[in-house]
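Asks: what follows is a predicted protein model with its sequence.
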Amino acid sequence: MLTASNGKAPTIHTPHREHHVQQQNAADRIEQNFGSDVFTERVMQQRLPKDVFKRLQRTIKVGEPLDPALADVVAAAMKDWALERGATHYTHWFQPLTGLTAEKHDAFFMPDGQGGAITEFTGSALVQGEPDASSFPSGGIRATFEARGYTAWDCTSPVFINRDGASATLCIPTAFVSWTGEALDHKTPLLRSMEAVSRQALRILKIFGTDQGVYRVIATAGPEQEYFLVDRNSFYHRDDLMACDRTLFGAKPPKGQQLEDHYFGSIPTRALAFMHDVERELYRLGVPVKTRHNEVAPGQFELAPLYETANIAADHQMLTMETLKRVAGRHGLSCILHEKPFAGINGSGKHLNWSIATNTGVNLLDPRDDTHTNMQFLVFLCAVIRAVDTYAELLRLSVASAANDHRLGANEAPPAIMSIFLGDMLSDIVHQLEGGNPSKTMKGGRLDLGASTLPQIPRHTGDRNRTSPFAFTGNKFEFRAVGSSGNVSWPATVLNTIVADSLDYIAGQLEKELGKSYTPGKDAEKLLRGVKKVLQRIIKQHKRVLFDGDGYTSEWHAEAKKRGLPNFRESVSALQQFNTKKNIDVFKRFGVLTKVEVESRSHIHLEKYIKQVTIEADTMASMARVQVLPAAIRAQTELAENVAATEAADVDASEARETLEEFGGLVSRLRSAIAKLDKAGEFEGHDVSKHAEHVRDAIRPAMGELRKIVDELETRVPRDLWPLPTYREMLVLK
């Protein structure tokens, strides 16, 4: 779907075939201009027998089961295409619960037994692989002595060739499951959740009689990506950036983002050259990037793609992050994807723009002009409202991480309270609907800019709210709480699942209200009365989650508490909500995750939190001990020598001695803070939840104390003695 993800989601009223032709023409133009390393539909149509192509397309587009008989033919065509494009190996490319991607390469070439070699790539090799499953995070599903796991081809996501230097590898997007069948990845539950929301949305369309020609409802996504660029030399002179992707020390520079002159400013030449190379590589990989600009913080930038089907968007997001990292090195840069790499300035998010559309191309979250009469849209809108309120804890924990804790609630990110911003027009209609009879739709009008040479421009019916974690923005929802380093598959899975639950609830209520005698498309008045009655109940029960004001204010936090909205300010308490009966039940009921799979993810997320913060603490203690402390001692020695020389010359050195004593006290505090951090790392026991609490309550405060001392030392130790590149140096991209 060809609309930038930070703009409006697609609203398409042309037949799906025409829309598909538009997409294909765009893909052809990209391939003509930049080349393509994607096994696209056009390539398949050229290389596959007509009947094989049609049957494979039915699997991809309609969701029919994959016919195993097709696999050998598709694999042969795929292999020939890959070899022609220089590929020597193939891999099943998957997304384990590390948050990264994984791959094991196998060569196309095999000995022929006669001193030569042949190429081989069978249908079974395409459809299924067998990577080791014991060394990936599994939350206890797989142990070291239980190593078997399987990858299974996701034929709905395009196969592509990944290039790195002289190497070219055919990458096959796959799901990853254990020998016992449990999901060990992000893709499997995402695909399950997409089917769940499709099934329930089709029930709603059937009730309205608008399901003609619709056989699937598609979850769409457009994840924006914020990131920092720093000079590679600075990056490799900081152990914290190399090990943790964020700075653990760093005094505030004289000029940070106070002037707000970086935001949407002229893109620095070096950054623009980097962006150009990134975009060319992404185009070749079929990733439809659209927007680039400077972000608020110095050295911070953003990239946004076009809308796509959710699982493809998630695959492309992972490719985007990998490409940003890889290409940066060619330009002498390092790309930082951490949510808060620099204290005191904006961190980075990954806003997940989400909507649902029919296979015929109709966006079900498009309000249209007279929204108060568009009851089908209002059903889907209220389904989202109910979902966010009912499962606020689940939505919050979907973005929980040690890294995102540094960002949520700060001035560049929404608070941890899950609320919905609707804007003036929709808020007004929801208020009318609560009263029982919506009668008008607020109009935006036009803006006269006061100069005859400037056009009168259309004005939206509502403003934007950057403090809202979940905002309606035209004809989609923008989940703004997602962190920049995260995999969007997980929050998308949660969104699909909880919306499926609400659609199931509403469909059931409508079916009850309308009765067995109701015939879709025959009794509009009966349908209207039933919809109003059901939605009125939902709004009265769940309107507490609606908030259009400033989410940063203390007044909102107090008001949210009165409303009974949960507020998990940090990740440990949020992640501890994972295993509640309500959350386990909703995943289980819609076939997205089993109880075992939910419990394993709870364990994995808490364990990752522990490991991430422990690595940071160990890195911090090491840097303080072997880099900062020696520099401080040398500075102290120079001060002492100055005092001694001054006093030997019979000159008053009282002020210098006072400075020396004050500095010596700071060095002493540094030693104590290092020892305190070392002590805080001690923990006995095997309870992962209690261990995470200890990390939060003991290690993180000790890290904060040590940082405060080191940052003060940075402002007092001479520049020629300070061992680390400073914020002032790193945040200016030359």
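Replies: All right, it came through fine.

Asks: how about the contacts made by the residue sitting nearest the centre point of the chain?
Replies: The C-alpha lying nearest the average C-alpha coordinate of the chain belongs to Val488 (C-alpha atoms, centre = their mean; 3.6 Å). Each residue near Val488 by C-beta atoms under 8 Å, 6 or more residues apart in numbering is listed here: 221, 223, 313-314, 317, 350, 352, 482. C-betas here are computed from N, CA, C, even on glycine.

Asks: how about the helices of the stretch 151-300 of the chain, start to end?
Replies: According to DSSP state H, counting those that start in this stretch, the stretch 151-300 of the chain carries its helices in the segments 187-208, 232-236, 239-244, 269-284.

Asks: could you say what helices and strands the first one packs with?
Replies: Translated: helix 187-208. Counting contacts by 3 or more C-beta pairs under 8 Å, 6 or more residues apart in numbering; DSSP states H and E, helix 187-208 is packed against strand 167-178, strand 217-223, helix 310-330, strand 352-358, helix 375-390, helix 489-514.

Asks: again, but for the second one
Replies: With contacts defined as 3+ C-beta pairs under 8 Å, 6+ apart, the secondary structure elements packing on helix 232-236 are helix 239-244, strand 333-336.

Asks: and the contacts of Val488, which is closest to Ile429?
Replies: Leu352 (24.8 Å; C-beta to C-beta).

Asks: what's the closest non-adjacent residue to the closest one?
Replies: Spatial nearest neighbour of Leu352, excluding adjacent residues (C-beta to C-beta, 6 or more residues apart in numbering): Phe479 at 4.2 Å.

Asks: same thing with Arg326?
Replies: In space, Arg326 is closest to Asp164, 6.7 Å off (C-beta to C-beta, 6+ apart).

Asks: that neighbour and Asp37: what is the separation?
Replies: 12 Å (C-beta to C-beta, to the nearest Å).

Asks: so those two - more neighbours on which side?
Replies: The neighbour comparison of Asp164 against Asp37 (other C-beta atoms under 10 Å) goes to Asp37, with 25 against 9.

Asks: contacts only, for the more buried one.
Replies: 85, 160-163, 284-286.

Asks: if any of those residues are buried, give me the ChimeraX selection for them.
Replies: Applying 16 or more other C-beta atoms under 10 Å to the contacts of Asp37 leaves a buried subset, and the ChimeraX line that selects it is:
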select :160,161,162,163,284,285,286
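
Asks: can you flag which of the contacts of Asp37 belong to strands?
Replies: Judged by DSSP state E, the subset of the contacts of Asp37 located in strands is 160-163.

Asks: closest to Thr594 among the contacts of Val488?
Replies: For the contacts of Val488, the minimum distance to Thr594 (C-beta to C-beta) is 21.1 Å, reached by Ala314.

Asks: so Phe208 makes contact with Asp523?
Replies: No - contact status for Phe208 versus Asp523: not in contact, 11.7 Å apart, counting by C-beta atoms under 8 Å.

Asks: wait, which of the helices and strands packed on helix 232-236 is closest to Lys582?
Replies: Closest to Lys582 of the helices and strands packed on helix 232-236 is helix 239-244 (C-beta to C-beta; 34.7 Å).

Asks: who touches the closest one?
Replies: For helix 239-244, using C-beta under 8 Å, 6+ apart, the contacting residues are 230, 234-236, 246-249, 334, 336, 338, 341, 612, 615-616, 619-620, 622-623, 627.

Asks: buried members of the residues you listed into PyMOL, please.
Replies: In PyMOL syntax, the buried subset of these is picked out as below (16+ other C-beta under 10 Å):
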select buried, resi 230+234+235+246+247+248+249+334+336+338+341+612+616+619+620+623+627
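
Asks: what helices or strands is the longest helix belonging to the chain leaning on?
Replies: In the chain, assigned by DSSP state H, the helix with the most residues is helix 595-623. Judged by 3+ C-beta pairs under 8 Å, 6+ apart, helix 595-623 is in contact with helix 239-244, helix 571-575, helix 581-589, helix 654-680, helix 688-694, helix 700-714.

Asks: averaged pLDDT, that helix. What do you get?
Replies: Helix 595-623 carries an average pLDDT of 97.

Asks: report the distance from it to the chain centre.
Replies: 18 Å (C-alpha atoms, centre = their mean, to the nearest Å).

Asks: angle of it against helix 489-514?
Replies: Counting by axes from the mean of the first three to the mean of the last three C-alpha atoms, to 10 degrees, helix 595-623 lies at 150 degrees to helix 489-514.

Asks: residue ranges with poor pLDDT in the stretch 51-200 of the chain?
Replies: Counting by pLDDT under 70, the stretch 51-200 of the chain has low-confidence residues at 111-118.

Asks: can you pull out the strands in it?
Replies: 89-93, 105-107, 109-111, 117-119, 128-129, 149-153, 160-164, 167-178 (DSSP state E, counting those that start in this stretch).

Asks: which one of these lies nearest to Ser573?
Replies: Checking the strands of the stretch 51-200 of the chain against Ser573 by C-beta to C-beta gives strand 167-178 as the closest, at 29.4 Å.

Asks: list the buried residues in the closest one.
Replies: Buried residues in strand 167-178 (16+ other C-beta under 10 Å): 168-178.

Asks: which one of the residues you listed sits closest to Ala402?
Replies: Out of the buried residues of strand 167-178, the member with the shortest distance to Ala402 (by C-beta to C-beta) is Phe176, at 23.9 Å.

Asks: would you agree the closest one is in contact with Pro96?
Replies: Yes - Phe176 is within contact range of Pro96, at 5.9 Å (criterion: C-beta under 8 Å).

Asks: joint contacts of those two?
Replies: Contact criterion C-beta under 8 Å, 6+ apart; residues shared by Phe176 and Pro96: 102, 136, 184-185.

Asks: how about JSON lines for these, with distance to Thr91 added?
Replies: Below are these laid out as JSON lines (distance: C-beta to C-beta, whole Å):
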{"residue": "Ala102", "distance to Thr91": "9"}
{"residue": "Phe136", "distance to Thr91": "15"}
{"residue": "Leu184", "distance to Thr91": "17"}
{"residue": "Asp185", "distance to Thr91": "15"}
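
Asks: of these, which is the most crowded?
Replies: Leu184 (27 neighbours).

Asks: now that residue. Nearest residue, chain neighbours left out?
Replies: The shortest distance from Leu184 to any non-neighbouring residue, by C-beta to C-beta, 6+ apart, is to Phe176 (5.0 Å).
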